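After the sequence you'll find the predicted model.
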Amino acid sequence: MKPLRLLAAAGLVLATFHGTGASASEPMEVSASSPDGSLVLRVRIDNDARPEWTLSRKGKLLVAPSRLGFILADALPMVRGFSIAGSEKAQGEETWEQPWGERRFVHDRHNEVLVRFVQAQEDGARRMNVRFRLFNDGIGFRYELPEQPALKTMRIAEEATGFTIAPKGEAWWIAGGEWNRYEQVYQHTAIDAVSTAHTPITMKLEDGTHLSFHEAALVDYAGYRLRRADGQTFRTELAPSANGPAVVRDLPFATPWRTIRIAEDAAGLVENDLELNLNEPNKLGDVSWFEPGRYIGIWWGMIRGDWTWGEGPRHGATTARTKAYIDFAADNGFRGVLVEGWDEGWNGNWLGHGQDFSFTKAVPDFDLDAVTSYARSKGVRLIGHHETGGNIANYEAQLDDAMALYERLGVDVVKTGYVTDAGGIIADTDRYGEAPGAVRTAWHDGQRMANHYLDVVKVAAKHHVAVNTHEPIKDTGLRRTWPNWVSREGARGMEYNAWGAYANGPDHEPTLVYTRMLSGPMDFTPGILSLTGAEGVPLASTLAKQLGLYVTLYSPIQMAADFIEELEKHPREMDFISSVPTDWAESHLLAGEVGDYAVFARKDRKSARWFVGGVNDATPRTVRVSFDFLAPGTNYTATIWKDGEGATYLDGTRHFIAYDTQTVTRGDSLDMWMAPGGGMAVRLEPSS
């Protein structure tokens, strides 16, 4: 077969695929390996006619025999009575370009095998294909259900997909299916002490191998949680539905990919594009209308309780205050100003209700047309806000009009919100022939919401609006396919620091780097330079750590979240924040361990500048930063912000910060001390 060469719309992409035909016999086992041979997959039928799979790495068993299949709500399970009807193998290699991201170019090299399973007549005579894709640094597999006479619609109660982890180890995870969604402090336990975990869940095995379990291309399907069954055997648990089965799909269809990143160390886990590579290419084409950038906003005042979202004497979103924020943005190089509470519906108890929200009508003390016009005159864009209160029935009825309004006004980014407890989404009303006002609810990570979130992104794209989702479904790499889905929350962000002393502990951000951040960009909202929340409660952070967050926690939109009056008190820190990019050509983890610390180097996509940033847990440490990533033969001016001597997050020394300037070149290194709860930031500019 001749190589197939593809030219992608987003940039030059070279791809090669080689296929082999299906076997005429019925093999009992199919095997495949990664391109470098380090990973070996075996798929077989066990003695009970059940499909199972194993994975070895460098000759050692990594995933012991694990099940495949489905439990249906209206038919016999698809777990027994199977034989292997054949298989097809392929190879692929391509390099593709991101319109924005942690790195400009992504390389995809993999081997693939499609295994065809068929059930015996007495077990239902159904057919089920499973496609495995092996990379040097991980594996993804998905079910592909072909058209067939014995099955027209699948009503899936659960998947039987299993993961039996052979070696012992430790895990970092948050509980799945709890009321507060993904907004939890990470637990650190032995693997066999995990209960039910949201993905990504990160593990470190006894031999140092790092794993991350997640999924890719979650479309028209329920998100899964990793549930421990016994010992180190896990299986998928699909987010539930109020309508019965977790998933209802007409055939043919494919499930999301179940993924495992596999690496020698923490850096290999972080510098891994497995989920992106398992998503479809960009469907939007040219998205240059979205510009990555920094923003400020009318937000922290409501989070702390100084201002209100609702109307009244402490209303935050006034025309006058917004114009003051626009002025500050223009003077300090910020592209956007977020304004929350500008629209009708915030009065009363909106959380978990949301039926009163209008997404096109402003409150009396906010002039939407005047504010957006003023922003344009200053070279600043308003960032829109749609809080639903968890009522998507109300939001969907207004969605196109709301996005059209933003398009008319030049608002090209919107933050959406779904504030309600898990399972409390108001998904549909008066649609089931029941009493007036009848409600159907949904989970944030169920099939109904997976479809809703993506529908919002698609409608927004039609109007050239990018989406930053809060209270989201987890990121599964769909930003590759829909690159206007630019960021989301999906973890405990900065807001928790407003509500209690050290609410996010010093190890929170160094854990996020290796867990939540593996799924994609996060709108963490750093930049609380005052280091205080409501009523003066302290953050578990030094001043230098607030700067390090801009490099360590990636998002193409980055907020300086504090009051502008507080930001003005720190001109030297603002020098860094105003210069740090949000779009990168390269990104590398220079040093770090899960939950302890992380130091990144990232190269600006639009210049020759590099930026280094670090965040630390409660243990003081000195990290040697090597500048081997710099271009050879060039001197760089390194402007340094670092923890001052004696600094710690625990007392009044949180603001101790030191400044330095040095000349460095490739081959040089610096020893950087990070305080308890501390961090650092370095800007590197070519000087010769």
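Looks like it arrived, so ask away. Numbering: from 1, shown residues only.

shaky segments in this structure?
By pLDDT under 70, the low-scoring segments of the chain are 1-27, 430-437.

Show me the residue at the heart of it, geometrically.
What sits nearest the mean C-alpha location of the chain, by Cα atoms, centre = their mean, is residue 520, with 3.1 Å.

is it true that it touches residue 488?
Yes: contact criterion Cβ atoms under 8 Å: residue 520 and residue 488 qualify, at 7.5 Å. C-betas here are computed from N, CA, C, even on glycine.

Need the residues touching each of the two.
residue 475 (Cβ atoms under 8 Å, 6 or more residues apart in numbering).

sorry, back to before: ok, now which ones touch the residue nearest to the centre of the chain?
Applying Cβ under 8 Å, 6+ apart, we find residue 520 in contact with 275, 475-477, 479, 488.

Could you pull up phi and psi at it?
As for residue 520, its main-chain torsions (degrees, to the nearest 10) stand at phi 150, psi -180.

one step back: show only the entries of the contacts of residue 520 found in helices.
Per DSSP state H, helices hold the following members of the contacts of residue 520: residue 275.

In the contacts of residue 520, which residue is surrounded by the most others?
Highest neighbour count within the contacts of residue 520, by other Cβ atoms under 10 Å: residue 275, with 29 neighbours.

Pull the contacting residues for that one.
Residue 275 sits next to 140, 214-216, 257, 259, 476-477, 519-520 when contact means Cβ under 8 Å, 6+ apart.

could you dump the residues you listed to a markdown table with distance to residue 384?
Output for these, formatted as a markdown table (distance: Cβ to Cβ, whole Å):
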| residue | distance to residue 384 |
| --- | --- |
| 140 | 35 |
| 214 | 30 |
| 215 | 29 |
| 216 | 29 |
| 257 | 32 |
| 259 | 33 |
| 476 | 24 |
| 477 | 25 |
| 519 | 24 |
| 520 | 21 |
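
Residue 557: which of those residues is nearest?
residue 520 (12.9 Å; Cβ to Cβ).

ok, back up a step: if I look at the residue nearest to the centre of the chain, how far off is residue 220?
Using Cβ to Cβ, to the nearest Å, residue 520 is found at 19 Å from residue 220.

do residue 101 as well
Counting by Cβ to Cβ, the gap from residue 101 to residue 220 is 25 Å.

more crowded one of those two?
Between residue 101 and residue 220, counting by other Cβ under 10 Å, residue 101 is the more crowded of the two (25 against 16).

all strands in the stretch 501-650 of the chain, in order from the N-terminus.
Per DSSP state E, counting those that start in this stretch, the stretch 501-650 of the chain carries strands over the ranges 557-559, 584-593, 597-604, 610-616, 621-626, 635-643.

winner for burial among these?
Between the strands of the stretch 501-650 of the chain, strand 610-616 has the highest mean count of neighbours, a mean of 28, where neighbours are mean count of other Cβ atoms under 10 Å.

Show me what that strand pairs with in its sheet, parallel or antiparallel.
Strand pairing for strand 610-616, using DSSP bridges, gives strand 597-604 (antiparallel), strand 679-686 (antiparallel).

Skip the chain neighbours and tell me the closest residue to residue 570.
Leaving aside its sequence neighbours, residue 570 sits nearest to residue 529 (Cβ to Cβ, 6 or more residues apart in numbering; 4.6 Å).

How about the contacts made by that neighbour?
Contacts of residue 529 (Cβ under 8 Å, 6+ apart): 543, 546, 562, 566-567, 569-570, 573.

again, but for residue 682
Residue 682 neighbours (Cβ under 8 Å, 6+ apart): 611-613, 625, 638-641.

Of these, which is the nearest to residue 59?
For these, the nearest to residue 59 is residue 625 (35.6 Å; Cβ to Cβ).

related to what we said a few turns ago, so for residue 176, which of the strands paired with strand 610-616 sits nearest?
Closest among the strands paired with strand 610-616, using Cβ to Cβ: strand 597-604, at 24.7 Å.

can you list contacts of the closest one?
Contacts to strand 597-604, defined as Cβ under 8 Å, 6+ apart, come from residues 102, 266, 509-510, 513-514, 551-552, 581, 583-592, 609-617, 621, 623, 625, 629, 672, 674, 680.

Recalculate using a threshold of 6 Å.
510, 513, 551-552, 581, 584-592, 610-616, 623, 629 (Cβ atoms under 6 Å, 6 or more residues apart in numbering).

what angle do it and strand 621-626 make?
Angle, strand 597-604 to strand 621-626, by axes from the mean of the first three to the mean of the last three Cα atoms, to 10 degrees: 30 degrees.

Give me the angle between strand 597-604 and strand 584-593.
170 degrees.

Restrict strand 597-604 to CA atoms and write it as CSV.
The C-alpha trace of strand 597-604 is given here as CSV (Å, rounded to 0.1, in the frame of the first residue of the first chain):
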residue,chain,number,x,y,z
TYR,A,597,7.0,21.1,43.0
ALA,A,598,7.2,21.9,39.3
VAL,A,599,9.5,24.2,37.3
PHE,A,600,8.6,24.9,33.6
ALA,A,601,10.4,26.6,30.8
ARG,A,602,8.1,27.9,28.0
LYS,A,603,9.1,29.8,24.8
ASP,A,604,6.9,32.6,23.5
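
isn't residue 540 right up against residue 677?
Yes: under the contact definition of Cβ atoms under 6 Å, residue 540 touches residue 677, with a separation of 5.0 Å.

For the two, list the residues in contact with both.
With Cβ under 6 Å, 6+ apart, residue 540 and residue 677 have common neighbours 506, 649.

quick one: which of those two has more around it?
More crowded of residue 540 and residue 677, by other Cβ under 10 Å: residue 677, with 31 against 23.

any idea how far the nearest residue to that one once chain neighbours are set aside is from residue 492?
Computed as Cβ to Cβ, 6+ apart, the closest residue to residue 677 that is not its neighbour in sequence is residue 649, at 2.8 Å. Per Cβ to Cβ, residue 649 is found 17 Å from residue 492.

re earlier: among the contacts of residue 529, which lie within helices?
By the criterion of DSSP H, membership of the contacts of residue 529 in helices covers 543, 546, 566-567, 573.
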